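# no sequence on this one, just coordinates:
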Ligand SMILES: Nc1ncnc2c1ncn2[C@@H]1O[C@H](CCC(=O)c2cccc(C(=O)O)c2)[C@@H](O)[C@H]1O
Ligand SMILES: [Zn+2]
């Protein structure tokens, strides 16, 4: 990176800029972040698993026919997480992969119900993620916060259990900041989760459901009106409703856009048809995120490169995009201004000849 002022060739230079850019990630799943390296380590502990460990076989295994197929494969990786030590290893190693990409802050979506229902003790689960969080901050310089999400398809019992784990003072982990809702949207209406979101919000958690990933803009309206969403996971189909775009812009509700994910799950046909640019043109705050990076053959740096292409961004534009994530994050005011200043310093050092 030392001679970047001398030899500038557009795309290469932009990739190097992205690689060093301090970033925040707001939409990334815990189990969905298990890289081939982490999957191999977990599979070695549990040799009876069906998940391949060889990277080439994994690439095939992570090729999805549609969203339902994606969830099926996702759950086979969930089955690899069986002990508190697996949880700790996954969490810390995910932070290590983030640190390599200069991710300074991440809100990691965790589905605690999937682990507790598989027999992991709830106290041990919370201790494992908190232990990894503290180690990641001290040893890797990555600040992690948690979003606990309801796996929508698993029904209201899972919702009850998730809100209990998120709000019981004896269990609730210190790093927990928000409450989410994931899984399939088709056949899983958002309004039924209102009482659980009400309880989470009353306990001080922020509302960040997935909506409009695989269904239309009415699901995003439901997430706003019933679940009091402060940001929307994906929100892709909002592009079909100009009134919704105006509402998101007016109320500064950020979309957590995950472009490569949308192609991998076949929510959007091609990157060129992705509505990211329409969101920006409508004044909606957008952030870019990786969702389940190894499963979708991506990482956060690649999502920034995709956004740079779709939005024709230069270095300043990329720095502004990174600051959108800081602004839309649940960091406190001091944390936000420090990370935003770090981004500004990086960009101005890079751009000053
Ligand atoms: N792009 C995504 N869009 C939406 N969600 C995504 C995405 N990526 C990852 N997820 C995760 O998938 C989980 C779904 C898990 C689920 O529904 C389920 C159903 C029945 C049983 C079990 C089980 O554990 O036995 C789990 C969600 O909680 C969410 O965290
Ligand atoms: Zn997601």
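Looks like it came in fine. Only a predicted model underlies this, so the values are computations on that prediction, with no experimental measurement involved. Ligands and ions are numbered 1, 2, ... in the order given.

# Stretch 250-264: how far from the chain's middle?
Centre-to-centre, stretch 250-264 and its host chain are 10 Å apart (Cα atoms, centre = their mean, to the nearest Å).

# Residue 13 - how many residues pack around it?
Residue 13 has 16 neighbours, counted by other Cβ atoms under 10 Å. C-beta: built from backbone N, CA, C; applies to glycine.

# my bad, residue 157
Counted with other Cβ under 10 Å, residue 157 comes out at 10.

# Name the SS class of the closest residue to residue 119 other than its chain neighbours, please.
In space, and not counting its chain neighbours, residue 119 is closest to residue 82: 7.8 Å by Cβ to Cβ, 6 or more residues apart in numbering. At residue 82 the chain is in coil, as set by DSSP: H, G, I helix; E, B strand; the rest coil.

# burial of residue 82, as a residue count?
As a burial measure, residue 82 scores 17 neighbours (other Cβ under 10 Å).

# List the contacts of it.
By Cβ atoms under 8 Å, 6 or more residues apart in numbering, the residues touching residue 82 are 45, 46, 118, 119, 120.

# Can you tell me which of those end up in strands?
Judged by DSSP state E, strands contain none of the contacts of residue 82.

# quick revisit: and the residue nearest to residue 119, backbone torsions?
The phi/psi pair for residue 82 (degrees, to the nearest 10) reads phi -120, psi -20.

# Wondering if stretch 74-87 reaches ligand 1 at all.
Yes: using Cβ under 6 Å from any ligand atom, stretch 74-87 reaches ligand 1 at 74, 75, 78.

# In CSV: those, plus distance to residue 216, neighbour count and pLDDT.
Putting the residues of stretch 74-87 next to ligand 1 into CSV (distance: Cβ to Cβ, whole Å; neighbours: other Cβ atoms under 10 Å; pLDDT from 0 to 100) gives the following:
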residue, distance to residue 216, neighbour count, pLDDT
74, 23, 21, 94
75, 26, 13, 95
78, 28, 19, 96
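
# before we move on, the earlier item: by neighbours, which of the contacts of residue 82 wins?
Within these, most neighbours by other Cβ under 10 Å means residue 120, with 19 neighbours.

# Surely it and residue 88 touch.
No: the pair residue 120 / residue 88 is not scored as a contact, 11.2 Å apart, by Cβ atoms under 8 Å.

# which bits of the stretch 51-200 of the chain sit near ligand 1?
71, 74-75, 78, 109, 111, 114, 149, 151-154, 182-183.

# returning to what we had before: for the contacts of residue 82, work out which two are farthest apart.
45 and 119 (15.4 Å; Cβ to Cβ).

# Run through the stretch 151-300 of the chain and note the low-pLDDT ranges.
Of all residues in the stretch 151-300 of the chain, none has pLDDT under 70.

# Which members of the contacts of residue 82 occur in helices, if any?
Using DSSP state H, residue 45 are the members of these that sit in helices.

# Mind giving me the packing neighbours of whichever strand or helix holds residue 261?
Per DSSP states H and E: residue 261 is located in helix 259-264. Identification of packing neighbours for helix 259-264 by 3 or more Cβ pairs under 8 Å, 6 or more residues apart in numbering; DSSP states H and E yields helix 300-311.
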